[in-house]
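>>> With the input below, show me the fold.
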Amino acid sequence: MIRPGDSTVGEGYATLPSVGGYRLLRLLDRGGMSEVYLSYDETCQCHVAVKLLAEHLAHAPQYVARFYREARLARLLSHPHLVRGLNAGHDPQVRRHYLVLEYVAGPTAFALLQREQRLPPGIVVQIGIDIAQALAYLHERQYIHRDVKPDNILLHPQQGAKLADLGVARRLHEDTDQTGLHEAVGTSHYMSYEQGLHADWVDGRSDLHALGATLYHLLTGEVPFAGKTHEEIMQVKRQDAFRPLRQVWPQAPRALAEIIESTLWSDPRRRPASARELAQALQATGLAQPIAATLAWDLDAPASADQPTRADHPVTP
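Below is the predicted model:
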């Protein structure tokens, strides 16, 4: 089923010494579809993140195809605020499919939110600008991310925010069976109303809704749409029943609250027209602050380049 938005971060150590020539050092995250390890690339003598397709999915054609599609997109699409894909393949010795990703030495936005309870406006604005720029790059190439959320945003002290996980990204108007008829993908608290009804009823404005819901959560510590199940959350979204941001946190800058709320409407026509327009509006607030200058983080406790906690759930509109 679709998770309403919770996240579980795996702890522990790798049981495999290496995969595809990459030495696995520490388990970072585990989900139903994959595991991610902090790893070491002997060739370039640098750390990378190695994502392994779950063993029980190794012979499921749909999931294997999706895994390699993610690998292809991660290498094809290059932007400073997207996590880069470096390599992919199958290791016959351990019988695992693997994807090698850029290692980002910093926490996810979700992990930072858990620590701080609520992020300062300057950090939220900078995250919003960085991720909106990454989405503009994707959208201008006709790709929709479809799973923007705090778990999929990594924070680097010098390089800013980076958007991860292209596992369910799709090309606009692409005829694909990667999701299937009436199947919703994403995370309920952040996905747009139209995406909650059908995974293919999306365009760039769907990603803007997800980014807006993410920024609302980071700024206030609460998700904008209440509900315990996917169906409950979608009903609240259909009614545009989000709580005004400044009711949740009265100290929020009015201009920032208005920008975030503009992304949350169920009707895509009421949202900003493009990710680039959203990035410019956030920049115009003058509130952005460098991530490293505002919040310290223990970089000896690294985060992964992926949070594979999404599950897919069939939905009948």
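>>> hey, where'd the strands end up in the stretch 51-200 of the chain?
For the stretch 51-200 of the chain, the strands defined by DSSP state E, counting those that start in this stretch cover 85-91, 96-102, 143-144, 153-156, 160-163, 170-171, 183-184.
>>> Tell me, please, the helix or strand in this protein that averages the lowest pLDDT.
strand 313-314 (a mean of 28; mean pLDDT, DSSP states H and E).
>>> if I look at residue 153, how far off is residue 205?
Plainly put, residue 153 is 19 Å away from residue 205 if you go by CB to CB, to the nearest Å. In this view, the C-beta of every residue, glycine as well, is placed from N, C-alpha and C.
>>> When the two are compared, which one has more neighbours?
Neighbours per residue (other CB atoms under 10 Å) separate residue 153 from residue 205, with residue 153 holding more: 29 against 23.
>>> can I see the domain layout of this structure?
Taking the TED database as the reference, the chain has its domains at 18-102, 109-285.
>>> quick one, which of those is nearest to residue 291?
Taking CB to CB, domain 109-285 is the member of the domains of the chain nearest to residue 291, at 5.6 Å.
>>> what about that closest one, start to end distance?
For domain 109-285, the first-to-last residue distance is 21 Å (CA to CA, to the nearest Å).
>>> Could you check how far residue 153 is from residue 135?
Distance from residue 153 to residue 135, by CB to CB: 11 Å.
>>> where do the contact lists of those two overlap?
Each of residue 163 lies in contact with both residue 153 and residue 135 under the rule CB atoms under 8 Å, 6 or more residues apart in numbering.
>>> Now tabulate the domains of the chain in JSON lines and tack on distance to residue 291 and mean pLDDT.
Below are those laid out as JSON lines (distance: least, CB to CB, whole Å; pLDDT from 0 to 100):
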{"stretch": "domain 18-102", "distance to residue 291": "12", "mean pLDDT": "93"}
{"stretch": "domain 109-285", "distance to residue 291": "6", "mean pLDDT": "92"}
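>>> so of the ones you listed, which one's packed in deepest?
Ranked by mean neighbour count, the domains of the chain are led by domain 109-285 with a mean of 20 (mean count of other CB atoms under 10 Å).
>>> Could you tell me how far it lies from the centre of the chain?
9 Å (CA atoms, centre = their mean, to the nearest Å).
>>> Start at 11, not 1
Happy to do that; since the first residue is 11 now, the last one works out to domain 119-295.
>>> which SSE is residue 211 in?
Following DSSP states H and E, there is no helix or strand that holds residue 211.
>>> tell me the contacts of the nearest residue to it once chain neighbours are set aside?
Excluding its sequence neighbours, the residue lying closest to residue 211 (CB to CB, 6 or more residues apart in numbering) is residue 204, at 4.5 Å. With contact taken as CB under 8 Å, 6+ apart, residue 204 is in contact with 211-212, 216, 276, 278.
>>> Please, where are all the helices along the stretch 11-160 of the chain?
71-86, 119-126, 131-150 (DSSP state H, counting those that start in this stretch).
>>> Can you check which of those gets nearest to residue 236?
Short answer: helix 119-126, nearest of the helices of the stretch 11-160 of the chain by CB to CB, at 17.4 Å.
>>> thinking again about what came up before, return the closest of the contacts of residue 204 with respect to residue 168.
Nearest to residue 168 among the contacts of residue 204, with distances taken as CB to CB, is residue 216, at 30.6 Å.
>>> Next, that closest one: secondary structure please.
helix (DSSP: H, G, I helix; E, B strand; the rest coil).
>>> Distance of the closest residue to it other than its chain neighbours relative to residue 112?
Among residues not flanking residue 216 along the chain, residue 202 sits closest, at 4.1 Å (CB to CB, 6+ apart). As judged by CB to CB, residue 202 and residue 112 stand 28 Å apart.
>>> For residue 286, identify the helix or strand it belongs to.
Using DSSP H and E, residue 286 falls in helix 285-294.
>>> packing partners for that helix?
Under the contact criterion of 3 or more CB pairs under 8 Å, 6 or more residues apart in numbering; DSSP states H and E, helix 285-294 touches helix 131-150, helix 214-230, helix 264-271.
>>> rerun at 6 Å
Helices and strands touching helix 285-294, by 3 or more CB pairs under 6 Å, 6 or more residues apart in numbering; DSSP states H and E, are helix 131-150.
>>> Could you export the helix it packs on as CSV, CA atoms only?
Extracted in CSV, the C-alpha atoms of helix 131-150 (Å, rounded to 0.1, in the frame of the first residue of the first chain):
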residue,chain,number,x,y,z
PRO,A,131,12.5,29.8,7.0
GLY,A,132,15.9,30.5,5.3
ILE,A,133,16.8,26.9,5.1
VAL,A,134,13.3,25.9,3.8
VAL,A,135,13.5,28.6,1.1
GLN,A,136,16.9,27.4,0.0
ILE,A,137,15.8,23.8,-0.1
GLY,A,138,12.7,25.0,-2.1
ILE,A,139,14.9,26.9,-4.6
ASP,A,140,17.3,24.1,-5.1
ILE,A,141,14.6,21.4,-5.6
ALA,A,142,12.5,23.7,-7.8
GLN,A,143,15.5,24.2,-10.1
ALA,A,144,16.1,20.4,-10.3
LEU,A,145,12.4,20.0,-11.2
ALA,A,146,12.6,22.7,-13.8
TYR,A,147,15.5,20.8,-15.4
LEU,A,148,13.4,17.5,-15.4
HIS,A,149,10.2,19.2,-16.6
GLU,A,150,12.0,21.0,-19.5
